[in-house]
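J.: Pasted the sequence and its predicted model underneath.
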Amino acid sequence: MKNHRTITLLLALLFSSVISIAQSDKDAQASFDQGIRLKDEKKTSEAFEKFREAIAANPKHTDALYQAGWCQNELKNYNSAVSYLHKARQTGVATPKLYFEMGYAFEKLNKSDSAIFYYNKCLELKPGYAGVYKQLGNMAYTRDDYEDALDLFGKYEEFSQKDITDYLYWYRKGFTYNALKQYNNAKESLNRSLSYRNDNMNTFLELGFACFKLKQDDDAIRHYKSAIAIDPKSHIPYNGIAEVYRDNRKDMNEAMKWYRKTLEMNPTERKASYGMGYCLNSKEQFSEAVSYLKTAIEKEPTYTAAYVELGYSYYKTGKDPDAETNFKKAMELNPKNENARYYACLMYVKQKNKAKAQKMVDELRALSSKHVSTLQPKVDAL
């Protein structure tokens, strides 16, 4: 009889435990379902709390763990996201979307190796996962690997099953094309970015730059002025317009007008200081150019072009030792710089120093420079 009562008690306890587990699973699923509804309503914080309730009721609820990780990524709590996603991976079968979220969290934590590892794990399971190519492309863009970025962006577009309406994506692709000197392609991507958001100043700046390089001056100026309308306190579009007048239209007076607008905001801004020096040299106001070029170098000690222009100013004002110092610095900073060698050669010709002049010509010849045909006869005549 005693054994019978013991068995009865054990069965009752077992039944009670089964009922309790079933109730916990039911509660977990109810909270999970509420979380999904809230997530669909874009109420991420509230959804996360429901997923936490589901996990509390059932710590091995893989879907709730994944969704909690997704929410934490959306809420920019990336370390927490990694924790939930790792638990999801341990409790169930890893899925492409789980690996994607892990890669995304590590990307945002600036742990590139881990991010790439998990993105690639995602692609092993689903080679056509479009979002992975977008994120890997963004990572390549961030590290200035533009060729790789374009390749990855192309795969993102190939596998994407819906229209890409992300203005930032098209801006980055346009920026990448500009960096690779593919200016017509840049315009196409940047105009597409504008179609989704027309108040991003950087898009107008890149469009201005692309048009400037294509010598579409009116369009370049128009885009730069659109950037000014968005942020009148940014000096970048003023410098951009100045470059159009300086390099394309060869209108130094108009260029200087726009550079002065920058210098009114920031009297030592490096590009405007350089631009003023360049324009003054072009106007044969060599002494006046010196102070601007010195300022540009003070702000950026590796500004190769500024050293060339400063050397030219000194050369034209008869200060050959100072000119030589600056030409040599430019060549040191950029061993392939042609302009520094060209002007240095002219200076050595003026000094009737045939050996040094010939050395400059020989170095230019090694660089396949067009200046050789102009300078060699001058050296031969010494």
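T.: The structure has been received and is ready for your questions.

J.: Could you report the neighbour count for Lys76?
T.: 10 (other C-beta atoms under 10 Å). Any C-beta I mention is one placed from the backbone N, CA and C, and that applies to glycine too.

J.: May I have the predicted confidence score for it?
T.: Per-residue pLDDT puts Lys76 at 97.

J.: which ones are touching it?
T.: Lys108 (C-beta atoms under 8 Å, 6 or more residues apart in numbering).

J.: Tell me the secondary structure at it.
T.: coil (DSSP: H, G, I helix; E, B strand; the rest coil).

J.: Could I get the phi/psi values of it?
T.: phi 70, psi 30 (degrees, to the nearest 10).

J.: Buried residues in the helix or strand where Leu346 lies, which are they?
T.: Using DSSP states H and E, Leu346 falls within helix 338-351. Counting neighbours by 16 or more other C-beta atoms under 10 Å, one finds that the buried residues in helix 338-351 are 338-349.

J.: Also stretch 78-89?
T.: 78, 80-85, 87-89.

J.: Among these, give me the pair with the biggest separation.
T.: Tyr78 and Arg89 (16.1 Å; C-beta to C-beta).

J.: tally of neighbours for Pro321?
T.: Based on other C-beta under 10 Å, the number of other residues close to Pro321 is 7.

J.: And the most centrally placed residue in the chain, how far from Asn120?
T.: With distances taken as C-alpha atoms, centre = their mean, the chain has Thr142 as the residue nearest its mean C-alpha position (4.5 Å). Applying C-beta to C-beta, to the nearest Å, the value for Thr142 to Asn120 is 18 Å.

J.: next one: Gly128
T.: Relative to Asn120, Gly128 is positioned 14 Å away (C-beta to C-beta).

J.: likewise His86?
T.: 17 Å.

J.: again with Ala54
T.: For Ala54 relative to Asn120 (C-beta to C-beta), the value is 30 Å.

J.: Now for Ser273: which residues touch it?
T.: Residues in contact with Ser273 (C-beta under 8 Å, 6+ apart) are 263, 292-293, 295-296, 299.

J.: what's the closest of the residues you listed to Asn200?
T.: Comparing the contacts of Ser273 against Asn200 with C-beta to C-beta picks out Leu263 as the nearest, at 26.2 Å.

J.: In this structure the closest one contacts Met276, no?
T.: Yes - at 7.2 Å, Leu263 and Met276 qualify as touching, with contact defined as C-beta atoms under 8 Å.

J.: Which one's more surrounded, those two?
T.: Legend: neighbour count by other C-beta under 10 Å for Leu263 and Met276, higher for Met276 (27 against 19).

J.: Tell me which of Ala54 and Asn120 has more neighbours.
T.: Ranked by neighbour count (other C-beta under 10 Å), Ala54 and Asn120 place Ala54 first, with 27 against 13.

J.: wait, the more buried one sits on Gly35?
T.: Yes - the pair Ala54 / Gly35 is scored as a contact, 6.5 Å apart, by C-beta under 8 Å.

J.: And Met252, how far from Tyr167?
T.: Counting by C-beta to C-beta, the gap from Met252 to Tyr167 is 37 Å.

J.: Then Gln90?
T.: Taking C-beta to C-beta, one finds Gln90 at 38 Å from Tyr167.

J.: neighbour-wise, which of the two wins?
T.: Taking neighbours as other C-beta under 10 Å, Gln90 and Tyr167 compare with Tyr167 leading, 19 against 11.

J.: Give me the pLDDT value at the more buried one.
T.: 98.

J.: Distance of it relative to Leu194?
T.: 8 Å.

J.: what's the neighbour count on Cys71?
T.: Neighbours of Cys71 under the rule other C-beta under 10 Å: 26.

J.: so which strand or helix has it?
T.: helix 62-74.

J.: same question, Thr165
T.: Short version: Thr165 belongs to no helix or strand, going by DSSP H and E.

J.: Name all residues that make contact with it.
T.: Contacts of Thr165 (C-beta under 8 Å, 6+ apart): Tyr196.

J.: for it, phi and psi?
T.: phi -110, psi 10.

J.: Now do the domain split for this protein, please.
T.: Per automatic domain parsing, the structural domains of the chain span 171-234, 250-334, 337-382.

J.: of the ones you listed, which approaches Tyr146 most closely?
T.: Across these, closest to Tyr146 is domain 171-234 (C-beta to C-beta), at 4.7 Å.

J.: And the closest one, end to end?
T.: 19 Å (C-alpha to C-alpha, to the nearest Å).

J.: Distance from it to the middle of the chain?
T.: 15 Å (C-alpha atoms, centre = their mean, to the nearest Å).
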